[in-house]
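Colleague: pasting the structure only:
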C-alpha cells in the first residue's frame, strides 16, 4: 500500500509506522484503514481503536457512515470484535465495549471462535484474509507500551476535571446556604468587577457586603471549623 496520507493519519491513532502529522477525523481514518486491505494496518487496528477512545470517544457511527453498505462495513465490525478480544485477552480496559456489542454485525458464536483463536494463538479470518492472532497481540503489546502513558495522562485529566467540578459544586452549595440567589448574583458581579445598577449597589452595600464581611472574619471562621470538627 502506498497511501502516504493514510499512513500519516493512522499515526494520530497511535500506530505510527512512520513519523507523521496529526489528523483529526478518526472515524474516516478508521474506515480508510479497513478499505486499504493492508494487513499491516489491520494488525494495528486495536492500537488505533484504543487511542481513539483516549482522544475522547470511539466514533463508531461516523466510521460506518463512510463505509455504507459495502463489504468493508462487515470487515470493520470484525476488526472491532478482534480488538475487543485483544483487550479482553490482555486485560486492557475499553469503556466503549458494552455499548458496542449490540451494534456489531458479528454473532456470539463468531465472537467465541475468535476468543479461541487468540487463546490458542491460531489464525483467524477477517473478510477473505487470514490473520495471525499472535502477530496482532504482539503488535498491540509493542505499541501499547508507548500508548499507556497517554492513557494515564488522559485519566489524570479526567480526575482533575472531576475535582474541579466537585469543588465548583461544593462552593455553589455553600453559597446557597448563606446567600439568597439575588445576593449570590450580586456577590459574583462585585467579585468579577461587573457593572451594577444604582439599586443593586445600594442593596449590595446595605446587605450582601455585611454578610460577606462576617464570613471573612477569621475568628468566626476558626470557631466554625472547631464546631464542625466536634
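Modeller: That came through fine. Treat the numbers as computed from the prediction; the structure is a model and nothing was measured.
Colleague: quick one: the closest residue to residue 31 other than its chain neighbours and residue 205, what's the gap?
Modeller: Spatial nearest neighbour of residue 31, excluding adjacent residues (Cβ to Cβ, 6 or more residues apart in numbering): residue 66 at 3.7 Å. From N, CA and C alone the C-beta is placed, and that goes for glycine too. Using Cβ to Cβ, to the nearest Å, we find residue 66 at a distance of 62 Å from residue 205.
Colleague: Those two: who's more crowded?
Modeller: residue 66 (20 against 12; other Cβ atoms under 10 Å).
Colleague: residues contacting the more buried one?
Modeller: Counting by Cβ atoms under 8 Å, 6 or more residues apart in numbering, residue 66 touches 27, 28, 31, 32.
Colleague: Neighbours of the last one, how many?
Modeller: It stands for residue 32. If we define neighbours as other Cβ under 10 Å, then residue 32 has 20 of them.
Colleague: Can you verify it is assigned to a helix?
Modeller: Yes. The assignment for residue 32 is a helix, going by DSSP: H, G, I helix; E, B strand; the rest coil.
Colleague: ok, now how distant is residue 44 from residue 82?
Modeller: 11 Å.
Colleague: Contacts only, for residue 35.
Modeller: Going by Cβ under 8 Å, 6+ apart, residue 35 touches 67, 72.
Colleague: now the helix or strand hosting it, how far from the centre of its chain.
Modeller: Using DSSP states H and E, residue 35 falls within helix 26-36. Helix 26-36 sits 19 Å away from the centroid of its parent chain (Cα atoms, centre = their mean, to the nearest Å).
Colleague: Could you list the domains of the chain?
Modeller: 4-153, 179-228 (automatic domain parsing).
Colleague: Which of the ones you listed has the highest mean neighbour count?
Modeller: Burial of the domains of the chain is given as mean neighbour count (mean count of other Cβ atoms under 10 Å); domain 4-153 ranks first at a mean of 17.
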